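In: Compute the structure for the input listed below.
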Amino acid sequence: MRRRTVINRFPFRFQEADVYVKVCGLSRPQDVAAAVGAGADAIGFVLTPSPRQVTPAAVRALVAEVPQGTATVAVFRGEPLEEVRRAAAESGVDTVQLHGSEPPEAFAALRADGFRLIRAASPGSGAPLESGAYGEDLLIIDSPSPGSGERWDPAALGGSPAGPWLLAGGLNPDNVAGAVAGLRPWGVDVSSGVESSRGVKDPALIERFVTEAAALP
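Out: Below is the predicted model:
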């Protein structure tokens, strides 16, 4: 496991490593164990229609296996706010990620519920690509087709955004080092890049991905 030091960069206590790593789309205990064992900083569960979708009850059981200090993230895209609030509370996560066109008011409501907040956006979507623009703690910049595993051209950013943000979209153990070296994001987010088939995580790929990301100078 990577050596990490706790910092107080955010209103909540993320843990900083050379590169902050979020592994998303987990649905099985062995995958959670692999991500935790490799030293992932955050673990994501998809509660929106997807090959990786899990129920709030299933997430709650998985969250129980995650040690304190590793962020647990419920991912939503386009669900009504009240459904997000209900499902997030039922799942037992500490962080909510909104990956759609939700307005700033949705983030404010979830903040009032006590959740940490992640906002995901894509170049060309019209959403601001500035960390904290909607009051979120962390920004993810992803492919226009989230979860597809498609790479996108980082040149669309016109430079590295200010503030804490994660690079996502088409990353895998073979390309994460090169992808991060150019943009120097605060961290990375992976899902399909550590799968043996669509929606099925590979523990060995998870470990390789975290190791490769952490090896950056």
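In: for A121, phi and psi?
Out: Backbone torsions for A121, taken as degrees, to the nearest 10, come to phi -150, psi 160.
In: Numbering from 51 from now on, please.
Out: I'll keep to 51 as the first residue from here, and by that count the last item is A171.
In: In contact with it, which residues?
Out: When the contact criterion is CB atoms under 8 Å, 6 or more residues apart in numbering, the partners of A171 are 177-179, 189-192. Yep, even glycine has a C-beta here, placed from its N, CA and C like the rest.
In: From these, list the buried ones, please.
Out: Buried members of the contacts of A171, scored by 16 or more other CB atoms under 10 Å, are 177, 179, 189-192.
In: Which parts of this structure are strands?
Out: 55-56, 65-66, 70-73, 92-96, 121-126, 145-148, 166-171, 188-191, 215-218, 237-240, 245-247, 250-251 (DSSP state E).
In: mind showing which ranges of the protein have poor pLDDT?
Out: Along the chain, segments meeting pLDDT under 70 span 51-67, 194-209, 266-267.
In: The same query, at a cut-off of 80, please.
Out: Residues of the chain meeting the criterion pLDDT under 80: 51-68, 150, 174-176, 193-212, 232-233, 264-267.
In: need the helices for it, in chain order.
Out: Assigned by DSSP state H, the chain shows helices spanning 79-88, 106-113, 131-141, 154-162, 226-233, 253-264.
In: which outside residues touch the fourth one?
Out: Contacts made with helix 154-162 from outside it, assessed by CB under 8 Å, 6+ apart, are listed as 131, 134-135, 138, 146, 148, 167, 169, 184-186.
In: with the residues you listed in mind, which one is nearest to V238?
Out: Set against V238, the nearest of the contacts of helix 154-162 by CB to CB is R169 (16.3 Å).
In: Please list all residues in contact with the residue lying closest to that closest one once chain neighbours are set aside.
Out: Spatial nearest neighbour of R169, chain neighbours left out: E186 (3.9 Å); criterion: CB to CB, 6 or more residues apart in numbering. Listed by CB under 8 Å, 6+ apart, the contact partners of E186 are 157, 167-169.
In: can you tell me which two in those are farthest apart?
Out: Using CB to CB, the two most remote members of the contacts of E186 are F157 and I168, lying 9.7 Å apart.
In: Now do the shared contacts for those two.
Out: Common contacts of F157 and I168, defined by CB under 8 Å, 6+ apart, comprise 148, 186.
In: So which of the two has more stuff around it?
Out: I168 (26 against 22; other CB atoms under 10 Å).
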